[in-house]
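*Asks:* Provided below are the primary sequence and the corresponding predicted coordinates.
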Amino acid sequence: MPFPDPDDAERHEVRGRRTLGDTLWSRCRGPIGTWPAVGLTVAVLIAANLVMHRWSGLANLVPAVVVSALLLGVLRWAGGTWKDAGLGSGTLARGARWGLALIGLVAVVYLVGALLPATRTLFEDRRYDGMGASELMTRVFVQVPVGTVLVEEIAFRGVLYGLVCRARGVVWATTVSSVLFGLWHVLPSLHLSTAKPALTTVFGDSAFSAALAVVGAVLFTASAGVLFCELRRRSGSLLAPMGLHWAVNALGYVAGFLLR
């Protein structure tokens, strides 16, 4: 009766280990499911929100770019495409036209609002006190487009919307994206009621009033998220909500600066 060769047993064990290792590696390299990708995206956004709330100014640009790249990587890992992110090459021209038209519309609305005495106070903001022209330009052309628009649009109307839309359709994608977009603004809204005189008049300056202002900001931004998602859907491009988002924030800075 032949005795088993110990070398054969060792080679079989090594092959078994390699097979298990290769299987695990293949799973890591292969696409992950949609909902694990959504969960990973939310986890990245929670960490980013905490970091970006503690940092200010140009320091926020680095995490904004890193988070945007990470989230696009998550989408690709889940088997998503540039089209799923609203960045398909065939829709960029259409999205750019939508974006430019929306920028023009916001500019007209802000101009009328700034000229009318009844709405002019809405642009007042104590955060503009002491701001110079160079800081204004930095905010309008660097901080807003990169530190706000880029990361938020890629996160909410790009990656989250694209992932959920593939699995559950437009309604679910819009709901998930918009609710999370509203919650993203909890930390930035903590001192909103005292920064804007118009809101202080409405809510007051107590802790309860500050909480009401935060709730109002979350509801408002969630509603804005629905609009941004619809622009993404209709145009097929992320550039449309990006244009509106930049115009609302950046031109708001300009109007508030000029009406100090």
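*Replies:* That came through, no problem.

*Asks:* can I get the CA coordinates of stretch 95-109 in PDB?
*Replies:* Output of stretch 95-109 as PDB, limited to C-alpha atoms (Å, rounded to 0.1, in the frame of the first residue of the first chain):
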ATOM      1  CA  GLY A  95     -26.000  70.400 -19.500                       C
ATOM      2  CA  ALA A  96     -23.800  73.400 -20.100                       C
ATOM      3  CA  ARG A  97     -26.600  75.200 -22.000                       C
ATOM      4  CA  TRP A  98     -29.000  74.500 -19.100                       C
ATOM      5  CA  GLY A  99     -26.400  75.700 -16.600                       C
ATOM      6  CA  LEU A 100     -25.700  79.000 -18.400                       C
ATOM      7  CA  ALA A 101     -29.400  79.700 -18.800                       C
ATOM      8  CA  LEU A 102     -30.000  79.100 -15.100                       C
ATOM      9  CA  ILE A 103     -27.100  81.300 -14.100                       C
ATOM     10  CA  GLY A 104     -28.700  84.100 -16.100                       C
ATOM     11  CA  LEU A 105     -32.100  83.500 -14.500                       C
ATOM     12  CA  VAL A 106     -30.700  83.700 -11.000                       C
ATOM     13  CA  ALA A 107     -28.800  86.800 -11.800                       C
ATOM     14  CA  VAL A 108     -32.000  88.500 -13.000                       C
ATOM     15  CA  VAL A 109     -33.900  87.400  -9.900                       C
END
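
*Asks:* what are the buried residues along it?
*Replies:* 95, 96, 98, 99, 102, 103, 106 (16 or more other C-beta atoms under 10 Å). Using the backbone N, CA and C atoms, a C-beta is placed for each residue, glycine as well.

*Asks:* ok, stretch 137-150 next?
*Replies:* Here stretch 137-150 shows 139, 140, 143, 144, 145, 146, 147, 148, 149, 150 as buried, counting by 16+ other C-beta under 10 Å.

*Asks:* following the helix-or-strand element of the chain with minimal mean pLDDT, which helix or strand comes up?
*Replies:* Lowest mean confidence among the helices and strands of the chain (mean pLDDT, DSSP states H and E): helix 6-29, at a mean of 49. Next helix or strand after helix 6-29 toward the C-terminus (DSSP states H and E): helix 34-54.

*Asks:* follow-up on the earlier one: mind putting the buried residues of stretch 95-109 into TSV with secondary structure, pLDDT and distance to residue 254?
*Replies:* Below are the buried residues of stretch 95-109 laid out as TSV (DSSP: H, G, I helix; E, B strand; the rest coil; pLDDT from 0 to 100; distance: C-beta to C-beta, whole Å):
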residue	secondary structure	pLDDT	distance to residue 254
95	helix	97	23
96	helix	97	22
98	helix	98	22
99	helix	98	18
102	helix	98	16
103	helix	98	12
106	helix	97	11
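
*Asks:* quick one: low-confidence residue ranges for this protein.
*Replies:* 1-30, 192-206 (pLDDT under 70).

*Asks:* ok, which stretches of it are helices?
*Replies:* 6-29, 34-54, 61-77, 92-115, 117-120, 133-138, 151-152, 161-168, 170-184, 192-195, 197-203, 207-235, 239-258 (DSSP state H).

*Asks:* among those helices, which comes closest to residue 127?
*Replies:* helix 192-195 (5.3 Å; C-beta to C-beta).

*Asks:* quick one: distance of stretch 99-114 to the chain centre.
*Replies:* Chain-centre distance of stretch 99-114: 22 Å, with C-alpha atoms, centre = their mean, to the nearest Å.

*Asks:* nope, stretch 151-163 is what I meant
*Replies:* 6 Å.

*Asks:* for stretch 129-142, same thing?
*Replies:* 22 Å.

*Asks:* end to end on that stretch, go ahead and measure it.
*Replies:* 20 Å (C-alpha to C-alpha, to the nearest Å).

*Asks:* circling back to that earlier point, could you export the buried residues of stretch 137-150 as JSON lines, including distance to residue 59?
*Replies:* What follows is the buried residues of stretch 137-150, written out as JSON lines (distance: C-beta to C-beta, whole Å):
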{"residue": "139", "distance to residue 59": "14"}
{"residue": "140", "distance to residue 59": "18"}
{"residue": "143", "distance to residue 59": "10"}
{"residue": "144", "distance to residue 59": "15"}
{"residue": "145", "distance to residue 59": "16"}
{"residue": "146", "distance to residue 59": "12"}
{"residue": "147", "distance to residue 59": "9"}
{"residue": "148", "distance to residue 59": "14"}
{"residue": "149", "distance to residue 59": "17"}
{"residue": "150", "distance to residue 59": "15"}
